[in-house]
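1. this one's sequence-less:
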């Protein structure tokens with residue numbers, strides 16, 4: 001997520017994609033203030049300005065963000081279709097004023113699970129089937145990735161360049177199998193390890209694929225990393241963990257969760273199970289990482305039982321910055337699911353909930369600090385000794 005590269009949608013002006021709406025079913029939302037700028041003291045002489053954008057459309061029952069790329073966010077809204085509430089796959093452009101509905105005319109429901117400029121992936125359900133979906137910014141651009149045959153109800157979960165990953169139900173054995181595509185249904189590759197019971201691919205960096213698999217011998221779910229084939233899988237379960245999963249990937253980095261004892265903890269890997277880093281802050285009770293740029297990671301930490309959205313930097317568990325207080329009073333839950341960087345801005349997106357209400361799509365954004373120029377060594381001018 002948040003990666004810019006050439007894929008099925010072709011060559012694109014990335015800056016234009018980040019700032020302008022594409023064709024599609026664009027719904028404009030009438031509302032009052034949608035941006036709340038708050039400044040919290042972070043330390044002595046240190047202040048950071050975060051803007052909170054409430055993406056949740058008026059009239060929707062619930063909404064959530066699952067992905068981000070450039071200035072855009074992808075996810076779903078729950079709206080009334082006739083007499084039934086249905087999920088619609090949507091993309092926002094860092095604004096609560098409008099969104100683009102990606103649901104094709106024949107579709108009944110769907111979700112955007114992953115993004116990489118200019119592509120989006122997820123699923124669309126019709127009356128009779130579920131279809132793995134690939135879009136290029138509009139409902140009309142929908143591409144069905146469903147391989148057919150013995151693979152039923154596939155879902156695409158992430159995209160990087162021309163690589164899409166997800167999973168589908170494999171009828172002969174009755175379990176989910178991790179899946180890999182390259183822009184079309186006929187490019188489908190079954191990543192399922194032969195020794196596993198079921199598996200799901202949930203993230204990709206364009207070269208490797210990450211997710212989890214259930215190994216009967218181990219009796220639990222283990223994080224798994226692939227490189228294009230079922231035979232290439234690596235069991236990434238950290239030593240001492242009862243179970244684990246890779247949920248997001250960036251350049252050379254995988255993030256997710258691991259269960260130690262009774263506590264799910266945010267975990268970071270760099271390509272091997274031995275190098276995992278426990279990213280749970282010292283005061284946290286439980287935590288999870290969902291996405292990463294490679295250096296900035298997002299997820300949540302629970303201190304008192306409810307999740308609180310935040311970001312980490314590098315491999316320091318205590319670099320966690322809590323974004324929940326920026327929502328203002330009345331919000332009891334929040335989680336950050338996606339992150340992107342564009343033109344000097346950091347975008348962190350997810351959802352939050354208030355008492356008695358369902359989850360609502362939220363965006364936190366701020367300018368990144370400008371790199372400081374390196375100090376140069378100034379040498380004194382040459383001194384000519386007096387005669």
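-> The structure has been received and is ready for your questions. Here the structure is a predicted model, which is why all the values come from computation and not from measurement. Numbering: from 1, shown residues only.

2. ok, the nearest residue to residue 165 once chain neighbours are set aside - contacts?
-> Distances taken as C-beta to C-beta, 6 or more residues apart in numbering put residue 201 closest to residue 165, at 3.8 Å, once the chain neighbours are dropped. C-betas here are computed from N, CA, C, even on glycine. Counting by C-beta atoms under 8 Å, 6 or more residues apart in numbering, residue 201 makes contact with 157-158, 165-167, 178-180, 191, 209-211, 226.

3. what would the residues you listed look like in CSV with distance to residue 142 and secondary structure?
-> CSV is the format used below for those (distance: C-beta to C-beta, whole Å; DSSP: H, G, I helix; E, B strand; the rest coil):
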residue, distance to residue 142, secondary structure
157, 17, strand
158, 18, strand
165, 18, strand
166, 15, strand
167, 19, strand
178, 23, strand
179, 18, strand
180, 20, strand
191, 24, coil
209, 23, strand
210, 26, strand
211, 24, strand
226, 26, strand
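
4. Return the closest of those residues with respect to residue 115.
-> Closest approach to residue 115 among these (C-beta to C-beta): residue 158, at 8.5 Å.

5. What pLDDT does the model give the closest one?
-> If you check residue 158, the pLDDT there is 98.

6. Quick check: closest non-adjacent residue to it.
-> In space, residue 158 is closest to residue 114, 3.6 Å off (C-beta to C-beta, 6+ apart).

7. Count the residues that sit near that neighbour.
-> For residue 114, the neighbour count with other C-beta atoms under 10 Å is 29.

8. For it, list each beta-bridge partner.
-> Using DSSP bridges, the beta-bridge partners of residue 114 come out as residue 121.

9. Could you double-check that it lies in contact with residue 123?
-> No - with contact defined as C-beta atoms under 8 Å, residue 114 does not count as touching residue 123 (10.9 Å).

10. Need the residues touching each of those two.
-> residue 156.

11. Does residue 128 lie in a helix or a strand, and which?
-> According to DSSP states H and E, residue 128 maps onto no helix or strand at all.

12. Now residue 324, what are its backbone angles?
-> phi -60, psi -40 (degrees, to the nearest 10).

13. and the spatially closest residue to it that is not a sequence neighbour, bridged to which residues?
-> Nearest non-adjacent residue to residue 324, counting by C-beta to C-beta, 6+ apart: residue 308, 3.8 Å away. On the basis of DSSP bridges, residue 308 is bridged to residue 301.

14. Surely residue 308 touches residue 299?
-> No - when contacts are counted by C-beta under 8 Å, residue 308 is not listed as touching residue 299 (10.1 Å).

15. hang on, the earlier thing: list the contacts for the residue nearest to residue 158?
-> 1, 66-67, 74, 120-122, 156-159, 164.

16. Quick check: the two most widely separated of the residues you listed?
-> Pairwise distances across the contacts of residue 114 (C-beta to C-beta) peak at 14.5 Å, for the pair 66 and 164.

17. For the stretch 1-150 of the chain, which segments count as helices?
-> 14-19 (DSSP state H, counting those that start in this stretch).

18. just the strands in it please.
-> In the stretch 1-150 of the chain, the strands defined using DSSP state E, counting those that start in this stretch lie at 25-28, 35-43, 46-54, 62-69, 72-81, 84-92, 98-101, 109-116, 119-125, 130-135, 143-144.

19. looking at these, which is closest to residue 340?
-> Nearest to residue 340 among these is strand 62-69; the distance by C-beta to C-beta comes to 4.0 Å.

20. for the protein, what's the longest strand?
-> strand 331-342 (DSSP state E).

21. Pull the distance from that strand to the chain's centre.
-> 9 Å (C-alpha atoms, centre = their mean, to the nearest Å).

22. next one: the following helix or strand past it to chain centre, how far?
-> Next helix or strand after strand 331-342 toward the C-terminus (DSSP H and E): strand 345-354. Counting by C-alpha atoms, centre = their mean, strand 345-354 is centred 11 Å from the centre of its parent chain.
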